[in-house]
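Asker: what shape does this take:
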Amino acid sequence: MLLEAATDVVSFDAYGFAENFNLYPAEVAAFLGQGGTIAWGIVPNTERGLLGETISSLRDRLEDAMAPLTRKGIRYRQLLEQALLTPSCGLAGLSTEMAGQALELLADLSANVRRKHSL
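Answerer: Prediction:
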């Protein structure tokens, strides 16, 4: 699996596929233990998805995505400290205006998470 490869950052679509990632808690723990960073693709990359989400709903979705890992013994704080928040995938399919909205939502979400958890 990719988490076992010699890489510093693993990026995945957490918006649509967090449950698949969470099937590997031991591998995630080992990856984080070696100083790895997880890029959580939590902001949707479709117009429909973007129009249906808020900072609060995405923060809840991120916390829900991380919860199975915390139940398996990975500290929530470690998940946050070794996290990058990203769009779920590329933004090329969006208009320039919608891509800008996705990035603004991402920046606001990141600031909100940092503030909430004093990072």
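
Asker: the helices in this structure, which residues?
Answerer: 14-21, 25-33, 47-51, 55-71, 76-81, 96-117 (DSSP state H).

Asker: could you verify my assumption that Ala14 touches Pro44?
Answerer: No - counting by CB atoms under 8 Å, Ala14 stays clear of Pro44, with 10.4 Å between them. Glycine gets a C-beta too; all of them are placed from N, C-alpha and C.

Asker: more neighbours: the two, which one.
Answerer: Higher neighbour count among Ala14 and Pro44: Ala14, with 27 against 23, using other CB atoms under 10 Å.

Asker: could I get the buried residue list for stretch 108-119?
Answerer: Neighbour-count burial for stretch 108-119 flags Leu109, Ser110, Val113 (criterion: 16 or more other CB atoms under 10 Å).

Asker: quick one: contacts for the most centrally placed residue in the chain?
Answerer: When the chain is reduced to its mean C-alpha position, the closest residue under CA atoms, centre = their mean turns out to be Trp40, at 2.0 Å. Contacts here follow CB atoms under 8 Å, 6 or more residues apart in numbering; on that basis Trp40 touches Phe12, Ala14, Leu62, Ala65, Ala83, Leu84, Leu85, Thr86.

Asker: of those - the most surrounded one?
Answerer: Counting neighbours by other CB under 10 Å, the one among the contacts of Trp40 with the most is Ala14, which has 27 neighbours.

Asker: the closest residue to that one other than its chain neighbours and Leu62: what is the separation?
Answerer: Sequence neighbours aside, Trp40 is the residue nearest to Ala14 in space, at 4.2 Å (criterion: CB to CB, 6 or more residues apart in numbering). With distances defined as CB to CB, to the nearest Å, the gap from Trp40 to Leu62 amounts to 6 Å.
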